[in-house]
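Engineer: attaching a predicted model along with its sequence, questions to come.
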Amino acid sequence: MKKMNEFDKPISGFEKQMPRGWVWDDTRTFLAVARHGTLSGAAAELHLGIATLSRRIERLEKALKLPLFVRQQSGYQLTEEGAGLVEKAEALEAAALAFTTDVSRYSQLSGRVRLATAENLATALILPAIAQFRSQYPGITLELVTDISTVNLHRRDADLALRMVKPERGNVTLRRLGTLGFGLYASPGYVARRGTHRDAGEFDADAFITWGEPQTQLPAAQWVERVLQGREPALTTTSLATQLAAAKAGIGIAVLPHFLALEAGLVCMATDIGMDQPIYLVIQTDLTRSGRTRAVADFLSELVASHGDRLAGKRSIEEVIG
């Protein structure tokens, strides 16, 4: 069967023209500020707050790695690089306008789409955004399958998947959307009891929380096994949620995604442990032209892009260190 390493077409009509991490709303903001010369004028046009506009401009400059405006007391003046991008941004705007002429047709899409993904991504990333998706596509029923160890897209157990393991076979198309960052985490109480006398990277006397026998193939389970060197862990579980709860209870150290652990108030004991994983969007190849499937794919693609720093752990770790 035919195996592809990327989509025949980009999930969003404009993604090939912009770098990873780009969000269309940031380009709209760029054009509005360029045309008005002030954040207040752009805010009135877009019906957004000035702080939101400022964050979007900074995010776009970071994604492009270019200064777009010179901030002056009288307003925002385009840099040479920014002025050179106006025409391209206007081309994207025209394409977006053409795209939105079909919104009424797409909003009438209906049917069921089965999405397989990890439970942590489902509960902490996707579910909080479902209401927004439903407001745009009320006719689409999204079926979430979080027991991805039993899901096989080749067998059509799901229409598409958001996962951290790259498929090695099957008639599927895929795209890397971002990175899920991992680190070692424990409760503040555990860290206090552990003391400060141990050298970084030495865990020979630490208690560890890890995966149970059915999940020994997971990278996190194998990492902990190497560190334990034959010692028994303090606790094994079969879900990330229970590992997070166990770490909060002070039972020991766990390998956890940065965004979950830091938002739960845990202490990061090590960040560079070689556990970061890519996030792939995988679709049945013959469903890439299905309107409802592509609507879900677009939704997931933008969602991961807009939460890129959070998922990688960059923003949270910088805030903790800073």
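Structural biologist: Perfect, thanks for sending it.
Engineer: not counting sequence-adjacent ones, nearest residue to G274?
Structural biologist: What sits nearest to G274 in space, not counting adjacent residues and going by Cβ to Cβ, 6 or more residues apart in numbering, is W223, at 7.8 Å. Any C-beta I mention is one placed from the backbone N, CA and C, and that applies to glycine too.
Engineer: host element of that neighbour?
Structural biologist: For W223, the element it lies in under DSSP states H and E is helix 219-228.
Engineer: ok so, going back, and the residue nearest to G274, how far from A186?
Structural biologist: 15 Å (Cβ to Cβ, to the nearest Å).
Engineer: now swap in L53 and tell me
Structural biologist: Look at L53 and A186: by Cβ to Cβ, they are 39 Å apart.
Engineer: break the protein into its domains for me.
Structural biologist: 15-101, 106-178+278-317, 182-270 (automatic domain parsing).
Engineer: could the ones you listed be laid out in TSV, adding mean neighbour count and mean pLDDT?
Structural biologist: Putting the domains of the chain into TSV (neighbours: other Cβ atoms under 10 Å; pLDDT from 0 to 100) gives the following:
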stretch	mean neighbour count	mean pLDDT
domain 15-101	16	84
domain 106-178+278-317	18	84
domain 182-270	17	90
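Engineer: after the helix holding W223 comes which helix or strand?
Structural biologist: Counting by DSSP H and E, the next helix or strand C-terminal to helix 219-228 is strand 235-237.
Engineer: ok, residues contacting that following strand?
Structural biologist: I209, T210, W211, G212, E213, Q243, A246, I251, G252 (Cβ atoms under 8 Å, 6 or more residues apart in numbering).
Engineer: that one pairs with which strands, and in what direction?
Structural biologist: strand 208-211 (parallel) (DSSP bridges).
Engineer: tell me how far the strand it pairs with lies from the chain's centre.
Structural biologist: Relative to its parent chain, strand 208-211 has a centroid offset of 24 Å by Cα atoms, centre = their mean, to the nearest Å.
Engineer: same check, this time on stretch 288-304
Structural biologist: The chain centroid and the centroid of stretch 288-304 are separated by 14 Å under Cα atoms, centre = their mean.
Engineer: again, but for stretch 77-96
Structural biologist: Distance, centroid of stretch 77-96 to centroid of chain: 27 Å (Cα atoms, centre = their mean).
Engineer: what's the answer for stretch 251-270, then?
Structural biologist: 18 Å.
Engineer: could I get the CA-only coordinates of that stretch as PDB?
Structural biologist: What follows is stretch 251-270, C-alpha atoms only, in PDB (Å, rounded to 0.1, in the frame of the first residue of the first chain):
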ATOM      1  CA  ILE A 251       5.100   9.300  46.700                       C
ATOM      2  CA  GLY A 252       8.100   9.900  44.400                       C
ATOM      3  CA  ILE A 253       9.500  11.200  41.100                       C
ATOM      4  CA  ALA A 254       7.600  10.700  37.800                       C
ATOM      5  CA  VAL A 255       8.400  11.400  34.200                       C
ATOM      6  CA  LEU A 256       5.600  13.800  33.200                       C
ATOM      7  CA  PRO A 257       4.700  16.200  30.400                       C
ATOM      8  CA  HIS A 258       5.900  19.700  31.400                       C
ATOM      9  CA  PHE A 259       2.500  21.400  30.800                       C
ATOM     10  CA  LEU A 260       0.600  19.000  33.000                       C
ATOM     11  CA  ALA A 261       3.200  18.800  35.800                       C
ATOM     12  CA  LEU A 262       3.900  22.600  36.100                       C
ATOM     13  CA  GLU A 263       0.200  23.500  35.900                       C
ATOM     14  CA  ALA A 264      -0.400  21.000  38.800                       C
ATOM     15  CA  GLY A 265       2.200  22.800  41.000                       C
ATOM     16  CA  LEU A 266       4.900  20.100  40.800                       C
ATOM     17  CA  VAL A 267       8.600  20.900  41.000                       C
ATOM     18  CA  CYS A 268      10.800  20.300  37.900                       C
ATOM     19  CA  MET A 269      13.900  18.300  39.000                       C
ATOM     20  CA  ALA A 270      15.300  17.800  35.500                       C
END
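Engineer: which other helices and strands contact the biggest helix by length in the chain?
Structural biologist: The single longest helix within the chain, with elements called by DSSP state H, is helix 80-100. On a contact count with 3 or more Cβ pairs under 8 Å, 6 or more residues apart in numbering; DSSP states H and E, helix 80-100 meets helix 24-36.
Engineer: counting contacts, what elements does the helix it packs on pack onto?
Structural biologist: helix 39-46, helix 50-64, strand 75-78, helix 80-100.
Engineer: quick one: distance of it to the chain centre.
Structural biologist: How far helix 24-36 lies from its chain's middle: 24 Å, per Cα atoms, centre = their mean.
Engineer: repeat for stretch 229-249
Structural biologist: 24 Å.
Engineer: first-to-last residue distance for that stretch?
Structural biologist: Start-to-end span of stretch 229-249 (Cα to Cα, to the nearest Å) is 24 Å.
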